[in-house]
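In: coordinates only, no sequence provided:
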């Protein structure tokens with residue numbers, strides 16, 4: 001699947017295994033390695049709150065998989081695996097909401113959290129040095 005494209009000639013290639021029920025982790029990793037793309041998405045479970053999305057790179061499982069989620073959920077309605085609309089899916093980062101339909105998918109991300117960094121902290125002194133300022 002080409003994620004983030006407008007005309008099926010560009011975008012990011014992602015492999016999608018739409019029915020990964022019964023595949024062990026080591027099998028998923030071997031499949032992702034054989035495919036060789038940066039991300040391979042594995043969807044298991046049934047529509048509803050039972051869907052699970054796992055992502056693998058060629059050499060390891062991936063904790064984040066936004067691009068793979070977009071690719072998978074833009075494909076799944078056309079395969080008859082899910083209906084168009086909002087879906088809740090379990091990922092390595094927790095439950096995520098994804099809207100799919102008309103060959104597109106939209107991933108709802110959690111609100112960013114910011115922390116106050118004290119002016120005299122070691123980290124804050126290192127940032128200008130790392131940037132050369």
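Out: Arrived safely, thanks for sending. Just so it is clear, the model here is predicted, and its values are computed rather than measured. Residues are numbered from 1 along each chain as shown.
In: ends of stretch 68-81, how far apart?
Out: One end of stretch 68-81 to the other measures 16 Å (CA to CA, to the nearest Å).
In: before we move on, what about stretch 76-91?
Out: By CA to CA, one end of stretch 76-91 lies 16 Å from the other end.
In: wait, what's in contact with the residue nearest the centre of the chain?
Out: With distances taken as CA atoms, centre = their mean, residue 65 lies nearest the centre of the chain, 2.2 Å away. Contact analysis of residue 65 by CB atoms under 8 Å, 6 or more residues apart in numbering lists 39, 41, 53, 54, 55, 91, 92. All C-beta spots, glycine's among them, are computed from the backbone N, C-alpha and C.
In: swap the cut-off to 10 Å and go again
Out: Residues near residue 65 by CB atoms under 10 Å, 6 or more residues apart in numbering: 14, 39-42, 53-57, 71-72, 91-93, 96, 107.
In: do residue 62 as well
Out: With CB under 10 Å, 6+ apart, residue 62 has these contacts: 32, 38, 39, 40, 41, 54, 55, 56, 68, 91, 92.
In: can you check residue 72 too?
Out: Residue 72 sits in contact with 1, 3, 14-18, 39-43, 51, 53, 55, 65, 81-82, 89, 98, 100, 105, where contact means CB under 10 Å, 6+ apart.
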